[in-house]
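Undergrad: Predicted model and sequence follow; I will ask about them next.
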Amino acid sequence: MDKTSDHEFEITFFESVLKRSPDYTEVIEILGGLYTKHGRISDGLKMDRKLVRYLPENATAHYNLACSLALSKRKADALKSLRRAIELGYQDIEWLMQDSDLTELKEHPDFETVIAPIASEN
């Protein structure tokens, strides 16, 4: 199997699991990541929004949503989701600062303010 068919197989597999269990949050998270990794940004965004609906208090779900929003050029919404992730306890400043999904967001004038609560702790 080549790389393309590998990821197509993975996506198809997890889509079929999700059809049978639409509230299976682990699969929603996996699919969101796979979609985004393979350039299906809008599909990844849909999964991340769904995950936040199912897990509204999950910091990582909000962080992933922020990444998808940033990749979708929705900076204000991405900053709002990133702020929420931090409020809910997201702490991994090292990953956040090197995460390429957030590259454009890091140029936003409010970025430093949003990350200040965790930047000062590390």
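TA: Now that the structure is in, tell me what you want to look at.
Undergrad: Where does the prediction get shaky in this structure?
TA: 1-4, 121-122 (pLDDT under 70).
Undergrad: Show me where it has its helices.
TA: 3-20, 25-37, 41-54, 59-71, 75-87, 93-98, 111-119 (DSSP state H).
Undergrad: Gly32 against Val52, yeah?
TA: No - Gly32 lies out of contact with Val52 (Cβ atoms under 8 Å); the separation is 10.2 Å. The way it works is simple: take the backbone N, C-alpha and C, and place the C-beta from them, glycine included.
Undergrad: Give me the more crowded residue out of these two.
TA: The neighbour comparison of Gly32 against Val52 (other Cβ atoms under 10 Å) goes to Gly32, with 26 against 19.
Undergrad: mind pulling up the phi and psi values for Glu24?
TA: Slight slip there: residue 24 is Tyr, not Glu. phi -80, psi 90 (degrees, to the nearest 10).
Undergrad: do Lys73 as well
TA: phi 70, psi 30.
Undergrad: Neighbours of the spatially closest residue to it that is not a sequence neighbour, how many?
TA: Leaving aside its sequence neighbours, Lys73 sits nearest to Glu104 (Cβ to Cβ, 6 or more residues apart in numbering; 7.3 Å). For Glu104, the neighbour count with other Cβ under 10 Å is 14.
Undergrad: from memory Glu104 sits against Arg74, does it?
TA: No - Glu104 lies out of contact with Arg74 (Cβ under 8 Å); the separation is 10.4 Å.
Undergrad: Next one: the closest residue to Lys106 other than its chain neighbours from Glu112, what distance?
TA: The shortest distance from Lys106 to any non-neighbouring residue, by Cβ to Cβ, 6+ apart, is to Met97 (7.9 Å). As judged by Cβ to Cβ, to the nearest Å, Met97 and Glu112 stand 11 Å apart.
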